[in-house]
Every structure is written in structure tokens, then in C-alpha cells.
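1. Just a sequence and a predicted model for now, questions to come.
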Amino acid sequence: MFGVVASVESDFDGVRPIQAASVVSLAYDRIRALILSGDVAPGTRLGQVDLAERLGVSRTPVREALRRLTGEGLVD
């Protein structure tokens, strides 16, 4: 059993873990682009669940992205 685990680990040498911050940044970039391009009309309710499903991510990065956008004054 330990030999198999060591072998599997060696197969992943050089593979970097996914950073949660990168998922937040990607969600932020996509949502911001939707707003600035006019694809999302002013006053449109941006639901976390709907955005998460459309972007293919969990609600956590969407929530963090919306917090950043709120800080910038793009959403309330």
C-alpha cells in the first residue's frame, strides 16, 4: 500500500495545487466583465447561486468576488 501511494505522489511531481484565490480572481474578472460590458443591466439582482452555476464554481468564490465588486462600487 505504501509503495502505491509513493508511486502516485511521484506521478504528480511539479503539479501545483489550485489556489482558492485564483478561482476568486477568475469569478471576479468574469462578473466584472459582465457588468462593464452591459451584459448585466444596472439594477439586476446578482444571485450567488445563479452566478455560481453559470460560472461553474461554488458560491464561495462568487461571494468573495461580489464583496470585491461592492468595495469598488460596482454592485450594492
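-> Perfect, thanks for sending it.
2. how about low-confidence regions in the chain?
-> Under the criterion pLDDT under 70, the flagged ranges of the chain are 1-12, 18-20.
3. for the protein, what's the longest helix?
-> Using DSSP state H, we find that the single longest helix of the chain is helix 20-37.
4. What are the buried residues along it?
-> By neighbour count on 16 or more other Cβ atoms under 10 Å, the buried set for helix 20-37 is 23-24, 27-28, 30-32, 34-35. For every residue, glycine as well, the C-beta is placed using N, CA and C.
5. didn't Arg32 look like it was pressed against Thr70?
-> No - contact between Arg32 and Thr70 fails when scored by Cβ atoms under 8 Å: they sit 11.7 Å apart.
6. what's the helix or strand for the nearest residue to Leu34 once chain neighbours are set aside?
-> Closest residue to Leu34 apart from its sequence neighbours, by Cβ to Cβ, 6 or more residues apart in numbering: Val40 at 4.7 Å. In this structure, Val40 is located outside every helix and strand according to DSSP states H and E.
7. Other residues contacting stretch 63-74?
-> Residues outside stretch 63-74 that contact it (Cβ atoms under 8 Å, 6 or more residues apart in numbering) are 24, 27-28, 31-32, 35-36, 46, 48, 51, 75-76.
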